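Engineer: Structure, please.
(3 chains)
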Amino acid sequence: MLSFILRRLGLSIILLFLISFISFFIITLTPGSPYPWGEMNPKISPEVKAAFRKKFHLDLPLYQQYEMMLHDLFTGELRSMKDDLPVMKKITDRLPATLALNIMAILFSLSFGTLLGLYGALYRGNWKDMSLSFLSFLFIALPGFWISYLLVLTLVKYVGIPILGTQSYGIEFPNHLTLWLDRLWHLMLPAIVLSLAGIATQSRYLRSSMIETLRENYILTARAKGLSPTVVLYQHALRNSLRPLITGIGMLLPSLISGSVIIETIFAYPGMGQLGYQAVLERDYPILITLNMIVATMVLLGNLFSDLLYALVDPRVRLE
Amino acid sequence: MTTTEPPFLEIKNLSIGFSANEKVIPAVRNVSLTLNKGETLAIVGESGSGKSATALAITRLLASPPAVYQGGQILFNGVDLLALPEKELRAYRGGRIAYVFQEASTSLNPVYTIRSQMAEMLRLHRPEVHNIDAEIIRWLEMVGITNPKERLKAYPHQLSGGMQQRVMIAMALSAQPDLLIADEPTTALDVTIQAQILAQLRKLEKELGMTMILITHNLAIIRGLAHQVAVMHHGSIVEYGPTEEVLQHPQHPYTKALLACIPRLDEHRRRLSTIEKELQ
Amino acid sequence: MNLESPSQQLWKRFCKNKVGVWALVIIIFLTLIAAATLLLSWLGLPWPMNPNTTDLSQKLLPPSQLHWLGTDHLGRDVFSRMLHGAPISLTVGFTTVLVSLSIGVVIGSIAGYCGGKVDQCLMRLVDAFLCFPTFFLILTAVALLGPSLINIVVVIGLVSWTETARLVRGEFLTLREAEYVHAATILGQDSLKIITRHILPNAAAVILITAVLGIPEAILAEAGLSFLGFGVQPPQATWGNIIADGKTYLLEAWWLILFPGFAIFITALAFYLVGDSLREAGEKK
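Structural biologist: Residues are numbered from 1 along each chain as shown, chains lettered A, B, ... in the order given. Predicted structure coming up:
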């Protein structure tokens, strides 16, 4: 068990190096100027430019730049090229909002995905299953920005409910509870839009895994014992179909972060996605690389966690 | 004539089909069988002959759809199981009519321990048992499992195939059912293990006076255990009678062909017989 | 006797699912419209109107008999712009899949056929790619390279080959052990021939299905890029950039959001449904 975790952590570090390498070279090898003021700005003297290049190690050969980048990344000395603030500070400012949004979206994906998948498997082949299937493809095919705008349009224009940002402004909250409820409400809509695709993929995976399980002989045994359909379903079948649900915990994250770039922009939600989009617009390399590394670390930890969880659920799985 | 008790189990004109592409394909046609208490009935036939479908139909275990119960009655102590509501039927499943299936390795739930799977059965059908562990151990011993106490915490994949089948049998018996239906209980096992399981069943038949239905195509099982034999072919019973009679004087060409497939020591043959597909 | 080839069987089973067939009809219809639009504007007869003719006196008009789907902030006809956006979306969809498929098939084949160390290294590379937030990576690369049709296609393709590679590898690992592959090996055929003649044709169904499912992903990714201003650049109309232009007028001109988004949605949905229906047809044995 311990050796498994250590080995996986070792592998994760190798993967992280690979990821830092890929992101560094994608970002630095593409043409374009890194200067926050643009390449051709005549007001900037060559000395200022040289100082900037020196500060961000742009005068060094690429491999040394990569080395310096790794060094600064791990010592937390990486600074934003745009405003010279430490990258870590900029990101940690955004982290709570992003975590709240993504955890909520994962919860939605897993719970509704499981529910829909379960019913699809139970009614497989008949019209209920077909409509659920259709619904899940509908969710996957919905462009996130489109559905967000339609929601914003209808809710703001026709219903008049505040939904943008993390909380309503210009209102005095009588106590903490109402403030938190207001924040929760502001979290809800982006989280739902963000989780639509996740709900759909989860339900597809769970459905097929459940259908396979329901064909197993031990399900017949459970029925032959005289157990009620509920017990057969939830105790005997579901636990054997949990694999997609558990792997989902780690694997949903990258697509959620991707989705949050757009969703956070639309809902004016100050998370890491918005920060990333800003950084792309401003070509702020240090932020882009750090963001990729943080997401990758979260994904790797999520995968490790889900493997451990899976070993807990299925005694046949040995951690090796 | 006096009013007698109804027969233990009486299947009357049972017909079952499977729906596929809006057609219903017949699987069991007009099957009638009678079984008295303490007797063992063997149902023989090749795969697809409807023998397993008949056995599963007794407590309506065939999932519907695709199965369609087209007609007939299954009277168990006079109660028609086909007409019983699902909820009442569940008391019969496992409790009064227990099953043992062909492949023990896939018939036990891989994520639960032996103890939890057997305890489930006891809690459901014998709520009066207080010391569940002791009862489980008793039954595990009964089917010849050594060190039963240590097996309680084991998961199915940690046991051998023969062991798994013994656990299945112990689990089925622990509810003290009136009827045990074993669907090819030895087919998936090695020959030596088959013999052990057979000996076990024979012992149970004697000691517990268990009424059994055995689905098989193993003649050794029929000879050693069955009082009556029903031969099924293409969903119908083509021959039905006391074991000795059927084996000595097979009437139906299919039964003759089936018996001819068995190699015998007192015979010199160059090739084993096969059953022709066209044989109707 | 069943004398149909596997592809005929797949087609026959595919036809049994009405949803899939309807989705295919929609795709064919869209492709024809896109082709006709291209042809007409190439002939100098843009139909129904020139998508780039601006007329500020006609700006932000709601749908009417003249402008079926209204006009945008420069008075351009939204319906015409949407028709001219269709070829872009479909081109992105099809060509991106060609890129990602070729990378995925090559890497998957090598990993699955060679096995061992090679397989391990390639799969770690796949693992690394799976840790990236894909869309964010695409956005970064396209933003840095400069948004053009070719850059978008190459970048999306370069980032989305992993699923194909994994599936092809899986097929190869199974097919490598097939009797006829052993036979070919024993007969002394070289590896390339074994891969192209004996293994790949048998993995064709899996490859086709991932290809079809990859198309809507690419279309949605391009729409997202367009929306953020990094898609195919104006004045060329795309479904994404009509919405991007329209977002400023969200509260006044709902038609700038509703119709192009619906087009993206229906197109993506149709491809997903065809892909799923194919997958199901391939599964039933």
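
Engineer: buried sites along the longest helix anywhere in chain C?
Structural biologist: Across chain C, the helix with the greatest residue count (assigned by DSSP state H) is helix C:78-114. Buried residues in helix C:78-114, counting neighbours by 16 or more other Cβ atoms under 10 Å in any protein chain shown, are found at C:78-97, C:99-101, C:103-105, C:107-113. To be clear about C-beta, it is placed using only N, CA and C from the backbone, and glycine gets the same treatment.

Engineer: Tell me if whichever helix or strand comes after that helix is near chain A.
Structural biologist: The element immediately downstream of helix C:78-114 (helix or strand, assigned by DSSP states H and E) is helix C:116-131. Yes - judged by Cβ under 8 Å from any Cβ of the partner chain, helix C:116-131 comes into contact with chain A through C:124, C:125, C:127, C:128, C:129, C:130, C:131.

Engineer: What is the strand or helix carrying residue C:34 packed up against?
Structural biologist: Here residue C:34 is covered by helix C:18-42, with elements defined by DSSP H and E. Contact partners of helix C:18-42 among helices and strands, from 3 or more Cβ pairs under 8 Å, 6 or more residues apart in numbering or on different chains; DSSP states H and E: helix C:6-16, helix C:78-114, helix C:255-283.

Engineer: Quick check: which of those helices is nearest to chain A?
Structural biologist: Between chain A and the helices and strands packed on helix C:18-42, the shortest separation by Cβ to the nearest Cβ is 3.2 Å, and it involves helix C:255-283.

Engineer: what about that closest one, distance to the chain center?
Structural biologist: With Cα atoms, centre = their mean, to the nearest Å as the basis, the distance from the averaged C-alpha position of helix C:255-283 to the chain average is 10 Å.

Engineer: Equivalent analysis for stretch C:250-260, please.
Structural biologist: 25 Å.

Engineer: again with stretch A:182-192
Structural biologist: From the chain centre to the centre of stretch A:182-192 is a distance of 16 Å (Cα atoms, centre = their mean).

Engineer: Can you give the contact residues for it?
Structural biologist: Counting by Cβ atoms under 8 Å, 6 or more residues apart in numbering or on different chains, stretch A:182-192 makes contact with A:100-101, A:104-105, A:108, A:148, A:151, A:155, A:162-168, A:171, A:173, A:260, A:263-264, A:266-267, A:269, all of which sit outside it.

Engineer: all helices of the stretch 101-250 of chain B, in order?
Structural biologist: B:104-107, B:114-125, B:132-142, B:148-151, B:161-174, B:191-208, B:219-225, B:243-248 (DSSP state H, counting those that start in this stretch).

Engineer: re earlier: would you mind putting the helices and strands packed on helix C:18-42 into JSON lines with distance to chain A alongside?
Structural biologist: As requested, the helices and strands packed on helix C:18-42 are exported to JSON lines (distance: least, Cβ to the nearest Cβ, whole Å):
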{"stretch": "helix C:6-16", "distance to chain A": "13"}
{"stretch": "helix C:78-114", "distance to chain A": "11"}
{"stretch": "helix C:255-283", "distance to chain A": "3"}
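
Engineer: For chain B, which of these is the nearest?
Structural biologist: Chain B sits nearest to helix C:6-16 of all these, at 9.4 Å, using Cβ to the nearest Cβ.

Engineer: and for the closest one, what are the contacting residues?
Structural biologist: Applying Cβ under 8 Å, 6+ apart, the external contacts of helix C:6-16 come out as C:2, C:4, C:20, C:21, C:204, C:205, C:277, C:278, C:280, C:281, C:282, C:284.

Engineer: Which among these count as buried?
Structural biologist: Neighbour counting with 16+ other Cβ under 10 Å marks C:20, C:205, C:277, C:278, C:280, C:281, C:282 as buried within those.

Engineer: In the chain, where is pLDDT below threshold?
Structural biologist: Going with chain A. Across chain A, residues meeting the criterion (pLDDT under 70) sit at A:31-42, A:319-320.

Engineer: should've been chain C
Structural biologist: When residues are selected by pLDDT under 70, those of chain C lie in C:1-3, C:284-285.

Engineer: what secondary structure does the residue nearest the centre of it sit in?
Structural biologist: Central residue check for chain C by Cα atoms, centre = their mean: the C-alpha nearest the mean position is that of residue C:215, 1.8 Å away. When classified by DSSP: H, G, I helix; E, B strand; the rest coil, residue C:215 comes out as helix.

Engineer: list the contacts for the residue in the stretch 1-150 of chain B that chain C sits nearest to?
Structural biologist: Taking Cβ to the nearest Cβ as the measure, the point where the stretch 1-150 of chain B comes nearest chain C is residue B:21, at 9.4 Å. For residue B:21, the set of contacting residues under the criterion of Cβ under 8 Å, 6+ apart is empty.

Engineer: Kindly provide the distance from it to chain A.
Structural biologist: 12 Å (Cβ to the nearest Cβ, to the nearest Å).

Engineer: does residue C:31 really touch residue C:89, like I thought?
Structural biologist: No - the criterion here is Cβ atoms under 8 Å, and residue C:31 misses it with residue C:89 at 10.7 Å.

Engineer: Show the residue spans covered by the strands in the stretch 1-150 of chain B.
Structural biologist: Counting by DSSP state E, counting those that start in this stretch, the stretch 1-150 of chain B has strands at residues B:9-20, B:23-35, B:40-44, B:67-76, B:79-80, B:97-100.

Engineer: Ok, which of the ones you listed comes nearest residue A:5?
Structural biologist: Nearest to residue A:5 among those is strand B:97-100 (41.6 Å), distances taken as Cβ to Cβ.

Engineer: Tell me how many other residues surround residue 183.
Structural biologist: Just so you know, I chose chain A. As a burial measure, residue A:183 scores 17 neighbours (other Cβ atoms under 10 Å in any protein chain shown).

Engineer: that's the wrong chain, I wanted chain C
Structural biologist: Residue C:183 is flanked by 11 other residues according to other Cβ under 10 Å.
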